[in-house]
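[1] Sequence first, predicted coordinates after that:
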Amino acid sequence: MVREKKIYPFAEGLTTADTFVVLGDAEKFQKHKHAWKVWRALKEFGCVAYPVAVDLKRIDGSKVYRNLTELKDKVSVVVPCLPPEKLKSLVSDASSAGANRIWFQEQTWSQEFQQECDNAGMTVIRGCVLRHKIYPIFGMRFFNPCYWHGLRDVKVPAKQFIRF
């Protein structure tokens, strides 16, 4: 018996059925900064998520791709977790990889990116991925800004791992 995969909605039409790519660098993945947290959260939601960093081979047992062209026709949403000055060719790379949406995190969006996406016909989503995460009742959730930013947003439960 095959269990049917549950699909949960995100903001602005995104669902857990979409395929994501998280753009970062070695520091943001290895030191468990925002790119690593976003990638892990998407994996916990049950999404297919690929990490992309130029200077990294593997992270937590998963292959890290060097650029978006290696993922041609495998991805529908690009999630950049780098400052705008490191994302010079983001829109052209995303469109050549087959993505039709870019989910900009809190400090990655700029007016220039908005113009490029509008010209390329790509959909722009703004806001943190982590605001859709369910934080534990006890602990540090009250100190996490993503908890407060996403207080009224739709939450996605983490994928349950059941052992038989």
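    Structure received. Note that this is a predicted model, so its numbers are computed, not measured.
[2] now the strands for the chain?
    Assigned by DSSP state E, the chain shows strands spanning 19-23, 48-52, 58-59, 62-63, 77-80, 101-104, 123-126.
[3] Out of those, the one nearest residue 9 is which?
    Shortest distance between residue 9 and these, using CB to CB, is found for strand 123-126: 12.4 Å. From N, CA and C alone the C-beta is placed, and that goes for glycine too.
[4] low-confidence ranges in the protein?
    The chain contains residues with pLDDT under 70 at 1-3, 135-164.
[5] Tell me which residue lies nearest the centroid of it.
    residue 79 (4.2 Å; CA atoms, centre = their mean).
[6] That one and residue 34 touch, don't they?
    No: using CB atoms under 8 Å, residue 79 is not in contact with residue 34; the gap is 10.0 Å.
[7] intersection of neighbour lists for these two?
    By CB atoms under 8 Å, 6 or more residues apart in numbering, residue 79 and residue 34 have these common neighbours: residue 105.
[8] before we move on, the earlier item: closest to residue 69 out of the strands of the chain?
    Across the strands of the chain (criterion: CB to CB), the nearest stretch is strand 48-52, sitting at 10.1 Å.
[9] Check which helices and strands the closest one is in contact with.
    Using 3 or more CB pairs under 8 Å, 6 or more residues apart in numbering; DSSP states H and E, the elements in contact with strand 48-52 are strand 19-23, helix 34-44.
[10] measure residue 56 to residue 65 for me?
    For residue 56, the distance to residue 65 equals 9 Å [CB to CB, to the nearest Å].
[11] what do those two both touch?
    In contact with both residue 56 and residue 65: no residue, using CB under 8 Å, 6+ apart.
[12] Who are the contact partners of the nearest residue to residue 96 once chain neighbours are set aside?
    Using CB to CB, 6 or more residues apart in numbering and skipping residues adjacent in sequence, the residue nearest residue 96 is residue 69, 6.5 Å away. Counting by CB under 8 Å, 6+ apart, residue 69 makes contact with 93, 96-97.
[13] next one: residue 4
    Counted by CB under 8 Å, 6+ apart, residue 4 has zero contacts.
[14] Isn't residue 68 up against residue 21?
    Yes: taking contacts as CB under 8 Å, residue 68 lies within contact range of residue 21: 6.6 Å.
[15] can you list residues touching both of those two?
    52, 75, 78, 97, 99.
[16] Give me the distance between stretch 54-69 and the centre of its chain.
    15 Å (CA atoms, centre = their mean, to the nearest Å).
[17] Now that stretch: buried residues?
    56, 59, 64-65, 68 (16 or more other CB atoms under 10 Å).
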